[in-house]
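> fold the following for me, if possible:
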Amino acid sequence: MGVKNDIIKMAKAAKKASFALSQLSSQDKNFAIRKMAENIERDTNFIIKANAKDIKEAKGDKRKSSFIDRLELNSKRIKSMVASLYEIIKLDDVVGEIREIKRRPNGLLIGKMRVPIGVVGIIYESRPNVTSDCVGLCIKSANSVILKGGSEALNSNSAIFKSLKDAISDTPVPKESIALITSKERKAITELLRLNDYVDLIIPRGGEGLIKEVAEESRIPVIKHYKGVCHVYIDSDADLNMAHKITINAKVQRPGVCNAMETLLVHKDVAARFLPVIADDLKNKGVEIRGCNKTKKIVKWVKKATREDWFTEYLDLILSVKVVDSLDEAISHINTYGTHHSDAIVTDNYNNAMKFLNGVDSACVYLNASTRFTDGYEFGMGAEIGISTDKLHARGPMGLEELTTYKYVILGKGQVRS
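Next comes the predicted model:
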């Protein structure tokens, strides 16, 4: 009963705080976010020490290197957290904007006002920087936020949250508008997902198992993506030097994140020239390659890919490679085996580029650029609350705009309906 009562109390307080938060000015919210950035910067050593405890436990549990990479905080990553908060301050405040104003024949003015969603629950794994990113975006968009991080990052999340909570103590932002569930009990998530009277939206960030569990159990609307099986397609008209650079970046730069490439598709007309060179470079960088039969004929040392590989999000230095006969086959493969996350084409052919951008059913489609850019900060959102592969309300990286909804505002001069 203790965990349940604690979470209900937290959610009630967050709901009440959300009404007060929605009335604050942009200046008040920005002041609070600036204090949070200053505190995170001040507490860098404190946060790194807390993170070291989580890293030690993860290594003791023999976690994969990609998992530890997602978990690790260092001075550079904390500086990025601080920079994200300052970027959020610079963003235009969308709350209260009235758009699409129309004058009806009877003189009524009808428009849509952007308003906060209310209380947002974030359930996340591994990446402790999510703590500050989500709090900053929620405060700027005037939403209360309840955070439930994974037990593997509890020390890190708690240290960051303490810094953020201390920062708002002397600001107009209600202290109850940000909350962190520290219970390691799995039922803490279940209890949060039942509180549809107080929580308005759930955003899960983590592995496919967590996200499916949340989507199945929640009484609250959920915005999600299950996994990121991202593709890069090298077209017959590709600049192969550019293709090489993009392929290496998309796979190797940070393989343990959802916007890293998992499958490389190569047109048959350039496969014999491109694959031997890129395969050797990937191998030298520690990448295991699993290829189709056509790939194996060109690069004989690669492992044989199975059908399961095309569905797999490795989050590691493993890459599936397939030679395709046409652009249409590449698009069909992506729409069949992909996860509607991020997919790229490398080509100098305008018509092929447009066909790919129009035909691939993904949240983010790229021309001549790495899929690694699918990120709220890189998209100019300051940070992101999550990435959605859903089609309703939000799709792709979610920032301030996606943390609001709207209500109709109708302005009259005594009109009555006849």
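
> so residue 326 touches residue 267, yeah?
Yes: here residue 326 reaches residue 267: they are 7.5 Å apart, a contact under CB atoms under 8 Å. Just so you know, the C-beta spots here come from the backbone N, C-alpha and C atoms, and that holds for glycine as well.

> so between the two, which is more surrounded?
residue 267 (23 against 13; other CB atoms under 10 Å).

> mind checking how far that one is from residue 349?
11 Å (CB to CB, to the nearest Å).

> quick check: neighbours shared by these two?
Residues touching both residue 267 and residue 349 by CB atoms under 8 Å, 6 or more residues apart in numbering: 235, 236.

> by residue count, tell me the biggest helix in this structure.
For the chain, the longest helix by residue count, based on DSSP state H, is helix 2-21.

> what residues does it touch?
Contacts for helix 2-21 (CB under 8 Å, 6+ apart): 116, 118-119, 139, 142-146, 173-177, 179, 181, 183, 185, 187-188, 191-192, 195, 198-199.

> also stretch 264-277?
So stretch 264-277 is contacted by 231-236, 238, 240, 243-244, 247, 251, 278, 294-295, 298-299, 319-327, 330, 333-334 (CB under 8 Å, 6+ apart).

> what residues of stretch 381-401 count as buried?
381-389, 394-400 (16 or more other CB atoms under 10 Å).

> again with stretch 29-44
Applying 16+ other CB under 10 Å to stretch 29-44 flags 29-37, 39-41, 43-44 as buried.

> domain boundaries for the chain, per the record?
Domain ranges of the chain: 2-225+386-411, 230-362, per automatic domain parsing.

> and the first one, how far apart are its ends?
End-to-end distance of domain 2-225+386-411: 48 Å, with CA to CA, to the nearest Å as the criterion.

> gap between it and the chain center?
12 Å (CA atoms, centre = their mean, to the nearest Å).

> and for the nearest residue to residue 240 once chain neighbours are set aside, the neighbour number?
Nearest in space to residue 240, with sequence neighbours left out and distances taken as CB to CB, 6 or more residues apart in numbering, is residue 274 at 5.4 Å. Residues near residue 274, counting by other CB under 10 Å, number 22.

> can you say which helix or strand has residue 274 in it?
Residue 274 is located in helix 268-284, with elements delineated by DSSP states H and E.

> now do the buried residues in that helix.
270, 271, 274, 275, 278, 279, 282.

> likewise stretch 355-365?
Those would be 355, 356, 359, 360, 362, 363, 364, 365, for stretch 355-365 by 16+ other CB under 10 Å.

> thanks a lot, catch you later.
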